[in-house]
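Colleague: Okay, here's the prediction I keep looking at, along with the sequence it came from:
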Amino acid sequence: MEVSPGPGAQDDAPSGHLEDVIALRVREFRLAQGISLAELARLTGMSKAMLSKIENAQTSCSLSSLARLAEALAVPVTALFRGIDAEREAVFTPAGQGSQIVRRGSNVGHLYQLLGSLRGEHKRLEPLLVTLTEASEVFPLFQHPGTEFLHMLEGVLVYGHGEARYEMRAGDSLVFDGEGPHGPVELVELPVRFLSVTAYGHLA
């Protein structure tokens with residue numbers, strides 16, 4: 001049976017947002033599985049009154065209560081906290097307004113447009129829109145930490161990574177280790193446009 005906390009105990013002092021999220025998740029999972037409040041009380045050994053308080057954000061759950069709820073609802077305990085950290089940084093870049101990056105090849109019709117950048121405590125995500133409008137015999141090769149994702153939007157090109165070569169057309173994608181030398185090898189059909197997203201791992 002659920003032991004009611006005494007006066008001043010933590011379960012009688014809901015802090016607000018945390019209780020709202022847990023209340024929403026518990027009710028969401030319970031209803032999704034067609035479990036009544038009475039059935040959930042039976043499965044957890046908690047009283048219907050306590051469960052009602054939890055689902056109405058009128059009390060704070062102890063760790064043991066959360067564990068019993070998660071087991072009864074067949075979800076990880078962490079699922080009951082989903083949404084607590086919903087406020088995250090986002091970067092919006094309107095079409096045509098990304099910052100232009102000057103790189104080798106920029107003077108021969110190679111345009112690198114930064115669409116935004118997110119930096120966390122140990123990570124960075126960098127999306128680029130690359131537009132190649134003029135043929136060139138010499139292409140810059142890049143090497144960098146992290147993993148890069150390419151998605152072709154327009155045109156045809158041969159892209160190299162290490163010794164491998166990939167002919168890429170609109171709709172094709174390529175994921176590779178950025179430490180390997182990579183870059184366009186041949187422009188087959190102009191203009192060429194592709195999205196490049198680089199995910200850097202743990203940063204010093």
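Modeller: Thanks, I have it. Here the structure is a predicted model, which means the values were calculated and not measured. Numbers count the residues shown, from 1 in each chain.
Colleague: and Tyr112, what helix or strand is that in?
Modeller: Using DSSP states H and E, Tyr112 maps to strand 110-114.
Colleague: remind me which residues of the chain are low pLDDT?
Modeller: 1-16, 83-93, 95-109, 117-123, 136-138, 202-204 (pLDDT under 70).
Colleague: Report all helices and strands that the strand holding Tyr112 contacts.
Modeller: Strand 110-114 sits against strand 99-101, strand 124-132, with contacts defined as 3 or more C-beta pairs under 8 Å, 6 or more residues apart in numbering; DSSP states H and E. From N, CA and C alone the C-beta is placed, and that goes for glycine too.
Colleague: Work out the sheet partners of that strand and label each with its direction, please.
Modeller: If you go by DSSP bridges, strand 110-114 pairs up with strand 99-101 (antiparallel), strand 124-132 (antiparallel).
Colleague: Buried deepest among the helices and strands packed on strand 110-114, which one?
Modeller: Per-stretch averages of neighbours, counted by mean count of other C-beta atoms under 10 Å, single out strand 124-132 among the helices and strands packed on strand 110-114, with a mean of 18.
Colleague: Send me that one as CSV with only the CA atoms.
Modeller: Below are the C-alpha coordinates for strand 124-132, written out as CSV (Å, rounded to 0.1, in the frame of the first residue of the first chain):
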residue,chain,number,x,y,z
ARG,A,124,27.8,21.0,-32.6
LEU,A,125,25.5,20.6,-35.6
GLU,A,126,26.2,22.6,-38.8
PRO,A,127,24.0,22.5,-41.9
LEU,A,128,25.2,23.9,-45.2
LEU,A,129,23.5,24.5,-48.5
VAL,A,130,26.1,24.0,-51.2
THR,A,131,25.6,25.3,-54.7
LEU,A,132,28.0,24.6,-57.5
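Colleague: coming back round to it: okay if I get the helices and strands packed on strand 110-114 as CSV plus distance to Val158?
Modeller: Converted to CSV, those look like this (distance: least, C-beta to C-beta, whole Å):
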stretch, distance to Val158
strand 99-101, 23
strand 124-132, 12
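Colleague: burial measure for Ala74, as a count.
Modeller: Other residues within reach of Ala74, judged by other C-beta atoms under 10 Å, total 10.
Colleague: Skipping adjacent residues, who's closest to it in space?
Modeller: Gln33 (7.6 Å; C-beta to C-beta, 6 or more residues apart in numbering).
Colleague: Compute the distance between that neighbour and Val75, please.
Modeller: 9 Å (C-beta to C-beta, to the nearest Å).
Colleague: Compare these two (neighbour count), which wins?
Modeller: Taking other C-beta under 10 Å, Gln33 and Val75 do not tie; Val75 has more neighbours (18 against 13).
Colleague: hang on, the more buried one is in a strand, isn't it?
Modeller: No. Val75 is assigned coil when assessed by DSSP: H, G, I helix; E, B strand; the rest coil, not a strand.
Colleague: Name all residues that make contact with it.
Modeller: Phe29 (C-beta atoms under 8 Å, 6 or more residues apart in numbering).
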